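Engineer: need a 3D model of the sequence below.
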Amino acid sequence: MNISSFLSEFPTETLGFVTDGLRGAGRWLFSRTVRQGTELRKLVRDALNAQRDILSPKAINEVSRALAAFRASLKAAPDAQALQAEMEKLEKTAAQWLKPCPHPSARENFKEFLVSGVLVLAIFNFFLQPMKIPSGSAQPTLYGNVVVNLKTDPHSELPPLWGRFIDWFKGVDYHLWIAKEDGELEIEPVTTIAKVIKRQRFFLGNDSYTFWFPAEHLVEGSGVYAGQHFQKGDTILKLRVANGDRLFVDRLTYNFRRPQRGEIIVFVSTGLPHPSIIPNTHYIKRLIGLGGDHIRIGDDRHLIINGERLDASTPHFENVYSFNGPPRDSVYSGHVNQKVAEKFGRRGLASLFPDQDTEFVVRPNHYICFGDNTMNSNDGRNWGDFPREKVIGRACFIFWPITTRFGLVMD
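Structural biologist: Next comes the predicted model:
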């Protein structure tokens, strides 16, 4: 079919509309005066609509007629000089009949700011949601906060200023606090300011040290405790704090399909009854079982789901089952049941999976999730399953810190 026969299929009115639209778009693109006129028409129209309830009928009619005449002039494609004259006529009519608006540029900027804010909120609510990994239960796939007490190593030294600056981009902070006087240490609980900013302070006499957005288990990792006595010149805190990964959660995909086994999902804990679950927060784990699945954890640290053993060839489990050697913290080590965990000194990790012969059946419309850091993860091995409606999305993109993990989250 050639172009002429193709176009003949369309009504004349449709072709005229399309042609006018293309011509108008081209004029707007290549003519600065047309762009200015279009913007002026929009501003006058918006002002008229905003003032309709306080303007007289005559004022509304005059401005409306001026707008219609100016729109016709834009469509007639006059030269730049003629269009400029039409713009001046519209401005004069608007100045005569519209009420003055105080601080118009500030109002317009504020409106644009509000529109941008609404757009950002819409993106975060419906498409991408930022999240920080608080704990190490997903390591080494996703890193949480890690607090290292440098006082345990007498030879440890803090990097120079330039080194700390480089480490900051890697999500690492250093903290050094020397006692200015004798006294006993006081530790303030974590407090929340304006429902957003978290703070924790340490006090020694009249001196204090403040952590903003303190890492989880900061006090335990720091090696200090309330009531501990220090003398002037003593090192109170000497810490290396690796902050958790910041990532975007994809909230869109699961509106079109169900999560798949092995994907790293984010779900809310609101209403989940197990006492070890922190209420009203977000958890990020690897999806292990779906409704109706029969799950066992073998003594070889491999899952058996519906009679099939998962291994490194199973999609999304390539890294999880790439382990060698004994199970270790923050290293891919498969999945351990309670028997294996106790053998390596960890109790209470898998109460629902005491041995390889115990089978857990996931309830319909429920999911069960495990953490990749199997030797240090409170997960479905203790909780069991949860309703699939709790899922809000999947881990998508690590945007901070700037390390080898920066980029798309690889299952």
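Engineer: quickly find the element holding the residue positioned nearest the centre of the chain.
Structural biologist: The chain has Pro130 as the residue nearest its centroid, 1.0 Å off, counting by CA atoms, centre = their mean. Element membership of Pro130 [criterion: DSSP states H and E] is strand 128-132.
Engineer: what lies in contact with the helix or strand following that strand?
Structural biologist: The helix or strand immediately downstream of strand 128-132 is strand 146-149, counting by DSSP H and E. Outside strand 146-149, the residues that touch it by CB atoms under 8 Å, 6 or more residues apart in numbering are 136, 215, 217-218, 220-223, 238-242. Where you see a C-beta, it was placed from the backbone N, CA and C, and this is true even at glycine.
Engineer: could you do stretch 343-359 as well?
Structural biologist: So stretch 343-359 is contacted by 294-299, 304, 326-327, 336-339, 341, 360, 374-377, 380-382, 384 (CB under 8 Å, 6+ apart).
Engineer: how is this structure partitioned into domains?
Structural biologist: 11-97, 146-242, 246-408 (automatic domain parsing).
Engineer: deepest-packed of those domains, please.
Structural biologist: Most buried of those, by mean neighbour count (mean count of other CB atoms under 10 Å): domain 246-408, with a mean of 17.
Engineer: kindly check the end-to-end length of it for me.
Structural biologist: End-to-end distance for domain 246-408: 12 Å, by CA to CA, to the nearest Å.
Engineer: returning to that earlier point: if we ignore the residues flanking it in sequence, what's nearest the residue nearest to the centre of the chain?
Structural biologist: Phe248 (6.0 Å; CB to CB, 6 or more residues apart in numbering).
Engineer: quick one: mean pLDDT for the host helix or strand of that neighbour?
Structural biologist: According to DSSP H and E, Phe248 maps onto strand 246-250. In this model, strand 246-250 has a mean pLDDT of 93.
Engineer: how far does it sit from the chain's center?
Structural biologist: 4 Å (CA atoms, centre = their mean, to the nearest Å).
Engineer: before we move on, what about stretch 214-229?
Structural biologist: 29 Å.
Engineer: what sits up against that stretch?
Structural biologist: By CB under 8 Å, 6+ apart, stretch 214-229 touches 134-135, 144-149, 151-152, 182-187, 190, 198-200, 202, 211, 236-237, 239, 241, 243-244.
Engineer: pairing partners for the strand holding Pro130, with directions?
Structural biologist: strand 246-250 (antiparallel) (DSSP bridges).
Engineer: quickly run through the sheet partners of the following helix or strand past the strand it pairs with, with directions.
Structural biologist: Proceeding N to C from strand 246-250, the next assigned helix or strand is strand 264-268, under DSSP H and E. Applying DSSP bridges, strand 264-268 is found paired with strand 282-290 (antiparallel), strand 391-400 (antiparallel).
Engineer: now render those as CSV, adding mean pLDDT.
Structural biologist: Shown next, in CSV, are these (pLDDT from 0 to 100):
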stretch, mean pLDDT
strand 282-290, 96
strand 391-400, 94
